[in-house]
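>>> Below: sequence and its predicted model.
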Amino acid sequence: MEPLILNTPRLVLRPFEASDVDAVLAACQDPDIPRWTNVPSPYLREHAQNFVTEMVPNGWRDNTSYSLAVVTKDDGVLVGAMGLVRLELAGPERQAEIGYWTVKEHRGRGY
């Protein structure tokens, strides 16, 4: 499946880009992100690099997970991440897990 881009009046949800590594690394230093997600702790540069350049594109290619960067429409600042991961189950049921995190400085703004 090809990644998609969604636009809202204030945000753009787009595929992660290599230039997002530093912003992802900085955001995931917030202890609340690993507390409420499956983000590793401590979160290292190699985690951010692997997420952006390997995990995200592989998930879209393999049709198993779909992650998007959430950035401001005006200046492209990363304010969060969201994703859907397909769960493997026996039987006809199709289930998925949805997850997201927001950058600490951008919480409480209705994103």
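Received it, and whenever you're ready, just let me know what you need.

>>> Could you use CA atoms for every contact and neighbour count after this?
Will do.

>>> Where do the strands of this protein begin and end?
All strands of the chain, identified by DSSP state E, fall at 6-7, 11-14, 65-72, 78-87, 95-102.

>>> Which of these has the highest mean neighbour count?
Mean neighbours per residue, mean count of other Cα atoms under 10 Å, is largest over the strands of the chain for strand 65-72, with a mean of 23.

>>> strand partners of it, parallel vs antiparallel please.
Here strand 65-72 is paired, per DSSP bridges, with strand 11-14 (antiparallel), strand 78-87 (antiparallel).

>>> what about the spatially most central residue of the chain, distance to residue 15?
The centroid of the chain falls nearest to residue 81 when counting by Cα atoms, centre = their mean (3.2 Å). The gap separating residue 81 from residue 15 is 10 Å, by Cα to Cα, to the nearest Å.

>>> Which residues are in contact with each of those two?
67-69 (Cα atoms under 8 Å, 6 or more residues apart in numbering).

>>> how about the residues you listed in a markdown table, adding distance to residue 45 and pLDDT?
Putting the shared contacts of residue 81 and residue 15 into a markdown table (distance: Cα to Cα, whole Å; pLDDT from 0 to 100) gives the following:
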| residue | distance to residue 45 | pLDDT |
| --- | --- | --- |
| 67 | 18 | 95 |
| 68 | 19 | 97 |
| 69 | 17 | 98 |
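
>>> out of those, who's nearest residue 31?
Comparing those against residue 31 with Cα to Cα places residue 69 closest, at 19.5 Å.

>>> contacting residues around that closest one?
Going by Cα under 8 Å, 6+ apart, the list of residues near residue 69 reads 12-16, 78, 80-82.

>>> so who does residue 13 touch?
Applying Cα under 8 Å, 6+ apart, the residues near residue 13 are 5-7, 68-71.

>>> I am finished for the moment; much appreciated.
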